[in-house]
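Chemist: Sharing a model prediction with you, sequence too.
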Amino acid sequence: MTADPADPADPANSPTPVSAAPSPGAAFGVMAALFAFSLGPIGVVVQKWLVASFSPFLIVAIQATGGGVVLWFVRWLVFPKAAVPRRSILKGLALGALHPGAFMVVYTAASGRLDSVTAVLLLALGPAFVAIGGRLILKEALRPIVLVGIAVSMAGLVLLVSEREATGANTVAGFALGGVGLILTSAAMITGRAFNTGAVLPWFVLAPLQVTGGAAVAWAGVVVTGAEVDPGAVASEAPAFLYLILGMTAASYLAYNFALSRLTTPTLGLLAAGAPGVGALAASIIFDTPIGSMAAIGIAVILLGAALPPLWGIRGRWRRGGVRV
């Protein structure tokens, strides 16, 4: 018997809700989020490596197209019977047009008009936006310890960038585009959380739809800007593109959407605060640049801030017999 695609009671269409009780799903959600937020910053460094030779639109288009193919293959191989209403499919594609599509286009434009330190600082404000937005829009609980963790991570970020020299100049247009990009990425996380918890789209369907929507926006940018598509040049950078396709896109978005279905937006935002530290380590390795003692301390402080709520939850479990994630 075929399940009603619009029936929220169908297990295939109903992600596991977040609970205050101890939950293996919540623990797996934390691990998935950390995994996704570790792959993403490394991918950003790889993108910066490629942008010297390729249009940003083309990089994102190839990345999202390849990742989308992998994600659709996984969806039909592992979850062949999951049915989804057409309206929900359109919502998933629209989310993808927002992120990674519009966000990556806007952020790429902003980074060319801001110095590197300012660009990092702007994106690092995302966790606070997500936490507050999740509270105001989704009415999710915002625990004080989450705000403390965000504040600690922001302090670590200041230490991380304090010893770096600014590159480039800041412009009003750069700040404006950076602000728009910050709003886009925060809105995408909150919207994706709403889709997952509202039984609109299962996480394993939302991931390929989101990437497909992003690919459509990127290819539209390629056409509008007239970016050159050189298969030989792309093949010469196959390892980099393969990481963007398999790591930053396929694996990262699958894990990210699984985490969205298990964790609250404040918790997700806080876990994302560790991304700048991972990005700094990746840049150091890929571009062979040293990390000074102040930056190393900053990375440690960032990770401490991200770890505070889980550690506080363990303390609560010892005292009350339950963990809130």
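Modeler: Arrived safely.

Chemist: How about G67, nearest residue that isn't a chain neighbour?
Modeler: Of all residues not flanking G67 in the chain, T249 sits nearest, at 2.7 Å (CB to CB, 6 or more residues apart in numbering). Placement of C-beta: from N, CA and C, glycine included.

Chemist: again, but for I137
Modeler: I137 sits nearest to I190 (CB to CB, 6+ apart), 5.8 Å away.

Chemist: With T191 instead?
Modeler: T191 sits nearest to L95 (CB to CB, 6+ apart), 5.6 Å away.

Chemist: how about the CA coordinates for the host helix or strand of the one you found, as CSV?
Modeler: Following DSSP states H and E, one finds L95 within helix 86-96. What follows is helix 86-96, C-alpha atoms only, in CSV (Å, rounded to 0.1, in the frame of the first residue of the first chain):
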residue,chain,number,x,y,z
ARG,A,86,4.9,18.6,-5.2
ARG,A,87,4.4,21.8,-3.2
SER,A,88,7.0,20.6,-0.8
ILE,A,89,9.4,19.9,-3.6
LEU,A,90,9.1,23.5,-4.8
LYS,A,91,9.8,24.7,-1.3
GLY,A,92,13.0,22.6,-1.2
LEU,A,93,14.2,24.0,-4.6
ALA,A,94,13.4,27.6,-3.4
LEU,A,95,15.5,27.0,-0.2
GLY,A,96,18.4,25.9,-2.5
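
Chemist: Which elements pack onto it?
Modeler: Judged by 3 or more CB pairs under 8 Å, 6 or more residues apart in numbering; DSSP states H and E, helix 86-96 is in contact with helix 172-197, helix 203-225.

Chemist: Measure how far the direction of the first one deviates from that of helix 203-225, in degrees.
Modeler: Counting by axes from the mean of the first three to the mean of the last three CA atoms, to 10 degrees, helix 172-197 points 150 degrees away from the direction of helix 203-225.

Chemist: one step back: tell me the spacing between the residue nearest to T191 and V152.
Modeler: 30 Å (CB to CB, to the nearest Å).

Chemist: So between those two, which is more surrounded?
Modeler: Relative neighbour count places L95 above the other of L95 and V152, with 24 against 20, counting by other CB atoms under 10 Å.

Chemist: That one against L209, yeah?
Modeler: Yes - contact criterion CB atoms under 8 Å: L95 and L209 qualify, at 7.3 Å.

Chemist: which residues touch A94?
Modeler: By CB atoms under 8 Å, 6 or more residues apart in numbering, A94 lies in contact with G213.

Chemist: Excluding residues flanking it in the chain, which one is nearest A215?
Modeler: A64 (3.6 Å).

Chemist: what helix or strand does that neighbour sit in?
Modeler: Here A64, judged by DSSP H and E, is contained in helix 56-78.

Chemist: Isn't M189 up against L268?
Modeler: Yes - counting by CB under 8 Å, L268 is a contact partner of M189 at 6.3 Å.

Chemist: ok so, going back, mind checking the pLDDT average for the helix holding L95?
Modeler: Averaging pLDDT along helix 86-96 yields 82.

Chemist: between the next helix or strand after it and helix 56-78, how many degrees?
Modeler: As assigned by DSSP H and E, the chain's next helix or strand after helix 86-96 is helix 103-111. Helix 103-111 runs at 150 degrees relative to helix 56-78, counting by the same axes, to 10 degrees.

Chemist: which residues touch helix 103-111?
Modeler: 51, 56-57, 60, 119, 122-123, 174, 177-178, 180-181, 184-185, 188, 214, 217-218, 221.

Chemist: Give the PyMOL command for selecting the buried subset of those residues.
Modeler: To isolate the buried ones among these in PyMOL, judged by 16 or more other CB atoms under 10 Å, type:
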select buried, resi 56+57+60+119+122+123+174+177+178+180+181+184+185+188+214+217+218+221
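
Chemist: okay, the helices and strands packed on helix 86-96, which one's buried deepest?
Modeler: helix 203-225 (a mean of 22; mean count of other CB atoms under 10 Å).

Chemist: just checking, what packs against that one?
Modeler: For helix 203-225, the packing partners by 3+ CB pairs under 8 Å, 6+ apart come out as helix 56-78, helix 86-96, helix 103-111, helix 172-197, helix 252-260.

Chemist: State the mean pLDDT of that helix.
Modeler: Helix 203-225 comes out at a mean pLDDT of 90.

Chemist: for whichever helix or strand comes after it, which positions count as buried?
Modeler: Once the chain leaves helix 203-225, the next helix or strand it forms, by DSSP H and E, is helix 231-236. Buried positions in helix 231-236, judged by neighbour count with 16+ other CB under 10 Å: V234.

Chemist: what's the next helix-or-strand element following helix 231-236 packed up against?
Modeler: Sequence order places helix 238-242 as the next helix or strand after helix 231-236, per DSSP H and E. Applying 3+ CB pairs under 8 Å, 6+ apart, one finds that helix 238-242 contacts helix 24-50, helix 56-78.

Chemist: Redo those helices as a markdown table? Include distance to I132 and mean pLDDT.
Modeler: Shown next, in a markdown table, are these (distance: least, CB to CB, whole Å; pLDDT from 0 to 100):
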| stretch | distance to I132 | mean pLDDT |
| --- | --- | --- |
| helix 24-50 | 19 | 76 |
| helix 56-78 | 28 | 91 |
